[in-house]
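Colleague: what's the 3D shape of this:
(2 chains, ligands or ions: 1)
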Amino acid sequence: MTTHSDVNAVNGTSITPGQPAHHDKFPWKHIIGYVLSLILTFAALGLVLSSALPVTVDIVTIVVLAIMQLLVQLLMFMHVTENHGSRTHVMTLLFAFFVAITIVAGSAWIMTFRSSVA
Amino acid sequence: MLPHYFNHLFVSGIDIYIADVLIILASISIVGVLTYFKKWKWLWREWLTTVDHKKIGIMYILAAFAMFFRGGMDGLMMRTQLAVPNNHFLGAQHYDEVFTTHGTIMILFMAMPMLIGLINVAMPLQIGARDVAFPYLNAISLWTFFFGALLFNLSFVIGGSPDAGWTSYAPLAGPTFSPGPGENYYLFGLNLAGLGTLASGINFLVTIIKMRAPGMTLMRMPMFVWSTLITSILIIFAFPVLTVALSLLSFDRLFGSHIFSMTHGGMPMMWVNLFWIWGHPEVYIVILPAFGILSEVIGTFSGKKLFGYSAMVGSLIAIAFLSFLVWVHHFFTMGAGATVNSFFGVSTMLIAIPTGVKIFNWIFTMYKGKVRFNTAMLWSLAFIPTFVIGGMTGVMLAVAPADYQYHNSYFLIAHFHYMLVGGTVFGVFSGLYYWWPKMFGMKLNETLGKWHFWLFMISFNLTFLPMYLLGLMGMTRRMYTYPPGLGWSHLNMLETVGAFGQGFAMMFMMVNIIWSIKNGERDLTGDAWDGRALEWATTSPAPEYNFAHIPMIYGRDAFWDRKYGKDKAKYTLKAKPYTPIHMPNNSGRPFLMAVAFFISFFGFVFEWWLVAGLGLLAVFFFMFSRSFETNTDHYISVEEIEHTESGGGRS
Ligand SMILES: [Cu+2]
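Modeller: Okay, here's the model as predicted:
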């Protein structure tokens, strides 16, 4: 034979023939997450369109809604609480926080030039 | 009730009429050839519906070549216009459109898909995987990119091209200063393609994290896989910013919001800010995979293992962090003040350190190696000095006070062409010559390849080296003509000669491809270059399932070890029987979904809400129907594997 069949045979998947892995459970988590995301998004939109409240209250509420949205995404869709692969989860989340903080703080910082010009 | 953009539909101009005719002729001939040879079914079954990562990669590369041609033509038109003073080859408006499409196409529709194509071809093979993690999503990525590019290119003949630069700065790109559908094409074309890129990033990341063959730890991965991993992370964190920015500007243009306008509390600088938060990581997204290619090619053709592997990995990770800390260097002259400029100037200069580490490692890899000067290796060798010139002038630009002089001058244009052509494009060529046998089962011709290399390399320097001088002499970018007597004329003529030289050099590559299909040296071993990583452990081209047996890995340079290493014994186990291989089914849905996206976004470009709505509805229909599909995969039988393995050119 050749050099190619001399390695250990490992079936690439954990599924055995004739038994495709189907999750029979209804994906309630995803449906709830989806509905919650829509509610949170439209709540923020409604807040801006109505403009009944003072701007500061609007902004604080939107930030709170955004953080709730983040939690919904992480818990309902991304399954951060699941155990396997937690090391990758932690590293990805840390990098995500690094990028988020850099972008938000950096943008706020450099946009202050406006007040010094005005 | 004519939609109000209807009068914009048809664009006039002699070059546009020529394009119209050429497009019609090309379409007729493609349809004719496919019908004559009865290839429609073949095209649909083997290519348009495929979920095989290798075929998807090849289609990415094909589309990217078409875009290279289009973007190259734009470049030649610009250089023709600037060849002599007071030229009237192109008008000012037309010139604006040409440089806008040149930049956008070359970065988003040429460089990125070319690299994503090479990643698709080589990365899953290098980690010993059967496919990427989400093959169906991979097909969606390809087709959204393809139809995004098509939408953007359509602007040339229908409705008019965008003309606000590839950065599309607000308020110039807003509804007041850029009326008509041109900018809408930019926004929706990029957004559609961006969706595909983001999905690719997620796909590659999960593939590398989850699908490595047993024994392949992170620190045993080939450097190309490492660079893909870091690139994927950059894509995942940078592209959402682009999507948001493009969508917000679309709101301004289509629905009359005032996010980036000059009036009603809008903030045009926020566009610049958001654009470069994406835009700077983007330059690493198109350079890191090229670094990876370089590491593979230099390792293979030096016959040595990569010098300083862990330092290479460390520098990649450092670049990932730093690339998100430097975006302000694109607008030092905005007026943000000394503290801001100093911070971002210093963080920019820091990137030179990890990059320098990599350069030295490549040089030390060659040191005392048996270097073979193949065409692939020549491109990698030329990469190093050009990239160093580009990098050093980049550090000059990072000095904020000096940048007030260089900003928006030809010096800047020279710098980023040294990075993007001397870096990315040289890297891509190196990768194409290197992996060509893996993709198509034959080598490209070395003589023609060397002609291609030398002509392109010399012409490239002829084009872009004088730009540094012109920039220092005060010539600004985006200038459509200039008066005589400024001392710019000779250098501009030289650049134009160089530009046409590059176009001429590309013809050698085209001839090479055609010649090699017929006469090229067939690669029957699967190991065309005495390679080191696992992609060379299977046939050329690789079978649908990549490896009949998933390989075991005991160290870095897994395939090299198996051939010559001290662990050779471990690999020479007895042949095991084949088992059925689990593979995903082909599907026409990704293609059709992208067509629906295309129709919808075309509607948005012209504000035809009915078309836009119906298209989106179709997109949702395809997503919905996929959710309820149960028949998504199949098994390849043992007999079929035996048949493929015995006929694969290895026996
Ligand atoms: Cu930058």
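Colleague: can you map out the strands along chain B?
Modeller: With DSSP state E as the criterion, chain B has strands at B:581-584, B:633-636.
Colleague: So which of these is the most surrounded?
Modeller: Per-stretch averages of neighbours, counted by mean count of other CB atoms under 10 Å in any protein chain shown, single out strand B:581-584 among these, with a mean of 20. Placement of C-beta: from N, CA and C, glycine included.
Colleague: Distance from that strand to the middle of the chain?
Modeller: Chain-centre distance of strand B:581-584: 29 Å, with CA atoms, centre = their mean, to the nearest Å.
Colleague: partners of it in the sheet?
Modeller: Paired strands of strand B:581-584, with direction, are strand B:633-636 (antiparallel) (DSSP bridges).
Colleague: in chain A, which helix or strand is least confident?
Modeller: Ranked by mean pLDDT, DSSP states H and E, the weakest helix or strand in chain A is helix A:113-117, scoring a mean of 59.
Colleague: sorry, back to before: as CSV, the strands of chain B with mean pLDDT would be great.
Modeller: Conversion of the strands of chain B to CSV gives the following (pLDDT from 0 to 100):
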stretch, mean pLDDT
strand B:581-584, 92
strand B:633-636, 91
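Colleague: right, and B:Phe426 touches B:Trp379 too?
Modeller: Yes - B:Phe426 is within contact range of B:Trp379, at 5.0 Å (criterion: CB atoms under 8 Å).
Colleague: quick one: low-confidence ranges for chain A?
Modeller: Applying pLDDT under 70 to chain A picks out residues A:1-24, A:82-85, A:114-118.
Colleague: one more time with 80
Modeller: For chain A, the stretches with pLDDT under 80 are A:1-25, A:51-52, A:78-88, A:113-118.
Colleague: residues of the longest helix anywhere in it that come out buried?
Modeller: Counting residues, the longest helix found in chain A (DSSP state H) is helix A:86-111. Residues of helix A:86-111 classed as buried: A:His89, A:Thr92, A:Phe95, A:Val99, A:Thr102, A:Ile103, A:Gly106, A:Ser107, A:Ile110, A:Met111 (neighbour count, 16 or more other CB atoms under 10 Å in any protein chain shown).
Colleague: Tell me which residues touch the third one, please.
Modeller: Read that as A:Phe95. Listed by CB atoms under 8 Å, 6 or more residues apart in numbering or on different chains, the contact set of A:Phe95 reads B:Ile233, B:Phe237, B:Ala320.
Colleague: is the strand or helix carrying A:Thr61 anywhere near chain B?
Modeller: Assigned by DSSP states H and E, A:Thr61 belongs to helix A:55-72. No - Helix A:55-72 stays clear of chain B (CB under 8 Å from any CB of the partner chain), getting no nearer than 10.6 Å.
Colleague: Can you spell out which helices and strands pack onto that helix?
Modeller: If contacts are counted by 3 or more CB pairs under 8 Å, 6 or more residues apart in numbering or on different chains; DSSP states H and E, helix A:55-72 sits against helix A:28-50.
Colleague: what about chain B, any weak spots by pLDDT?
Modeller: Counting by pLDDT under 80, the ranges of chain B that qualify are B:1-17, B:19-20, B:23, B:565-576, B:646-651.
Colleague: Looking at it, which helix is longest?
Modeller: In chain B, with assignment by DSSP H, the single longest helix is helix B:223-255.
Colleague: Helix A:86-111 and that one, what's the angle between them?
Modeller: Between helix B:223-255 and helix A:86-111, the angle comes out at 50 degrees (axes from the mean of the first three to the mean of the last three CA atoms, to 10 degrees).
Colleague: With adjacent residues omitted, what lies nearest to B:Ile58?
Modeller: In space, and not counting its chain neighbours, B:Ile58 is closest to B:Met439: 5.9 Å by CB to CB, 6 or more residues apart in numbering or on different chains.
Colleague: got a list of what that neighbour touches?
Modeller: B:Met439 neighbours (CB under 8 Å, 6+ apart): B:Lys54, B:Gly57, B:Ile58, B:Ile61, B:Val121, B:Pro541.
Colleague: Which one (most neighbours) among these?
Modeller: Counting neighbours by other CB atoms under 10 Å in any protein chain shown, B:Val121 leads the contacts of B:Met439 with 27 neighbours.
Colleague: Identify the residue spatially nearest to that residue, adjacent ones excluded.
Modeller: Excluding the flanking residues, the one nearest B:Val121 by CB to CB, 6+ apart is B:Gly57, at 3.7 Å.
Colleague: The one you found is in contact with B:Leu118, isn't it?
Modeller: Yes - assessed by CB under 8 Å, B:Gly57 is found in contact with B:Leu118 at 6.8 Å.
Colleague: Next, the buried residues of stretch B:586-594.
Modeller: Residues of stretch B:586-594 classed as buried by neighbour count (16+ other CB under 10 Å): B:Asn586, B:Ser587, B:Arg589, B:Pro590, B:Phe591, B:Leu592, B:Met593, B:Ala594.
Colleague: just to revisit the earlier point, could the buried residues of helix A:86-111 be laid out in JSON lines, adding distance to B:Leu142?
Modeller: Formatted as JSON lines, the buried residues of helix A:86-111 follow (distance: CB to CB, whole Å):
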{"residue": "A:His89", "distance to B:Leu142": "29"}
{"residue": "A:Thr92", "distance to B:Leu142": "25"}
{"residue": "A:Phe95", "distance to B:Leu142": "27"}
{"residue": "A:Val99", "distance to B:Leu142": "27"}
{"residue": "A:Thr102", "distance to B:Leu142": "32"}
{"residue": "A:Ile103", "distance to B:Leu142": "29"}
{"residue": "A:Gly106", "distance to B:Leu142": "34"}
{"residue": "A:Ser107", "distance to B:Leu142": "33"}
{"residue": "A:Ile110", "distance to B:Leu142": "37"}
{"residue": "A:Met111", "distance to B:Leu142": "38"}
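Colleague: quick one: which of those is nearest to B:Gly337?
Modeller: Proximity of the buried residues of helix A:86-111 to B:Gly337 was ranked by CB to CB; the top entry is A:Ile110 with 8.6 Å.
Colleague: isn't that closest one right next to B:Asn273, touching?
Modeller: Yes - between A:Ile110 and B:Asn273 there is a contact at 6.7 Å, judged by CB under 8 Å.
Colleague: From the contacts of A:Phe95, pick the one nearest chain A.
Modeller: Set against chain A, the nearest of these by CB to the nearest CB is B:Phe237 (4.8 Å).
Colleague: which residues does that closest one contact?
Modeller: Contacts for B:Phe237 were tallied using CB under 8 Å, 6+ apart; they are A:Phe95, A:Ala96, A:Val99, B:Pro281, B:Phe324.
Colleague: A:Ala44 too?
Modeller: Contacts for A:Ala44 (CB under 8 Å, 6+ apart) come out as A:Thr61, A:Ile62, A:Leu65, A:Ala66.
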